[in-house]
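Engineer: Take this sequence and fold it.
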Amino acid sequence: MTDFLSYEWEWKNKDAQFRVDMQYWELLPVLGYNHLLYVCYAPRDPDAAAFKHLEEVRAQQLLALLASRFAGQIIYVGSVTLPALAQHYYYTANPALVNEFSALCRSENKLQVGCGHMREPKFVTYYRFLFPDDAKLQSIENAAFLKSLRLPPAAHALVHRVNLVFSFLSEQTRRGFLERARDLGMNALNTFAVASPTHPYCATLTGFSPLLLPDLNRYTARAIRVAAEADGILERLEVNS
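Structural biologist: Numbering: from 1, shown residues only. You can find the predicted model right below:
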């Protein structure tokens with residue numbers, strides 16, 4: 001059984017597609033597969049802007065070969081991909097298979113292929129890189145929000161006023177967050193209360209961003225990460241044309 005989640009985020013200063021198997025959030029510490037393996041591949045042409053169809057087929061064949069050869073010995077936890085670069089991640093409890101894993105990767109001659117191994121007792125790659133924090137999860141909501149606006153394509157590249165509504169546990173934490181709003185390039189628009197047993201103290205921040213997903217992701221991420229320090233939650237986005 002798998003539970004894959006896909007989202008768009010920045011990698012190597014480019015907009016990449018992340019994919020992570022969410023089921024391992026609780027399973028990894030239990031399984032004890034604390035050795036990370038990864039395989040990275042790219043077109044053989046260093047100037048290629050994207051994979052050709054044949055290269056994509058060969059990449060899938062390589063991944064299938066690794067899955068078949070090491071079935072029951074490795075677990076696949078996710079990937080990050082660009083148009084001309086991909087990296088896939090696995091964990092194993094058996095470091096003795098590293099040499100064979102590497103040899104199979106190097107046997108592929110239609111792609112540039114590299115692989116690596118490191119011991120990860122705290123599963124840092126999974127928990128801090130692949131598994132989405134609140135800012136990365138918001139990118140999924142951002143994509144759905146932009147789609148719902150039904151704006152003409154040219155309008156998305158224009159700068160719009162974007163409001164972010166946050167909620168907080170207390171008046172004190174809300175006030176501390178708002179004091180940092182200007183550091184985010186945003187201003188406090190209003191404060192209000194809602195009937196909530198946990199986060200009744202709300203505030204609206206306002207600022208400006210293009211309505212392109214990478215831009216909106218960066219915009220919301222800045223505020224979400226500061227709000228998280230005050231146990232704040234982003235409730236919704238609002239756009240004023």
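Engineer: now this protein, which segments are flagged as low pLDDT?
Structural biologist: Within the chain, the segments meeting pLDDT under 70 span 1, 241.
Engineer: again, only this time at 90
Structural biologist: 1-2, 32, 106, 150-154, 179-185, 195-197, 240-241 (pLDDT under 90).
Engineer: At which residues are the helices of it located?
Structural biologist: Ranges of helices within the chain are 24-31, 53-69, 98-106, 124, 134-149, 153-156, 171-179, 213-228, based on DSSP state H.
Engineer: Deepest-packed of those, please.
Structural biologist: Highest mean neighbour count of the helices of the chain: helix 213-228, a mean of 19 (counted as mean count of other C-beta atoms under 10 Å). C-beta here means a position set from N, CA and C on the backbone, and glycine is covered the same way.
Engineer: Can you give me the domain boundaries for the chain?
Structural biologist: Annotated domains of the chain cover 4-130, 134-240 [automatic domain parsing].
Engineer: now do the same end-to-end measure for the shortest one.
Structural biologist: Right, the one you point to is domain 134-240. Distance between the two ends of domain 134-240: 24 Å, counting by C-alpha to C-alpha, to the nearest Å.
Engineer: before we move on, what about the first one?
Structural biologist: The separation between the terminal residues of domain 4-130, taken as C-alpha to C-alpha, is 11 Å.
Engineer: what separates that domain from the chain centre, distance-wise?
Structural biologist: 15 Å (C-alpha atoms, centre = their mean, to the nearest Å).
Engineer: One more: the shortest one?
Structural biologist: Between the mean C-alpha point of domain 134-240 and the mean C-alpha point of its chain there is a distance of 18 Å (C-alpha atoms, centre = their mean).
Engineer: Neighbours of the closest residue to residue 126 other than its chain neighbours, how many?
Structural biologist: In this structure, residue 126 finds its nearest non-sequential neighbour in residue 77, 5.3 Å apart by C-beta to C-beta, 6 or more residues apart in numbering. Residue 77 has 26 neighbours, counted by other C-beta atoms under 10 Å.
Engineer: wait, doesn't residue 77 sit right on residue 89?
Structural biologist: Yes: using C-beta atoms under 8 Å, residue 77 makes contact with residue 89 at a distance of 5.3 Å.
Engineer: Now do the shared contacts for the two.
Structural biologist: 126, 130 (C-beta atoms under 8 Å, 6 or more residues apart in numbering).
Engineer: before we move on, the earlier item: which one of the helices of the chain lies nearest to residue 164?
Structural biologist: When the helices of the chain are ranked by proximity to residue 164, the top entry is helix 213-228, at 5.4 Å, counting by C-beta to C-beta.
Engineer: on that earlier part again, including distance to residue 13, could the helices of the chain go into a markdown table?
Structural biologist: Shown next, in a markdown table, are the helices of the chain (distance: least, C-beta to C-beta, whole Å):
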| stretch | distance to residue 13 |
| --- | --- |
| helix 24-31 | 28 |
| helix 53-69 | 23 |
| helix 98-106 | 25 |
| helix 124 | 21 |
| helix 134-149 | 16 |
| helix 153-156 | 21 |
| helix 171-179 | 29 |
| helix 213-228 | 11 |
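Engineer: With residue 199 as the reference, name the closest of these.
Structural biologist: Nearest to residue 199 among these is helix 171-179; the distance by C-beta to C-beta comes to 9.5 Å.
Engineer: Output that closest one as CSV, nothing but the C-alphas.
Structural biologist: Provided in CSV are the C-alpha atoms of helix 171-179 (Å, rounded to 0.1, in the frame of the first residue of the first chain):
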residue,chain,number,x,y,z
GLU,A,171,-4.2,37.8,21.7
GLN,A,172,-0.5,37.9,22.8
THR,A,173,0.7,35.5,20.1
ARG,A,174,-1.3,37.4,17.5
ARG,A,175,0.2,40.7,18.5
GLY,A,176,3.7,39.3,18.4
PHE,A,177,3.1,38.0,14.9
LEU,A,178,1.7,41.3,13.7
GLU,A,179,4.7,43.1,15.0
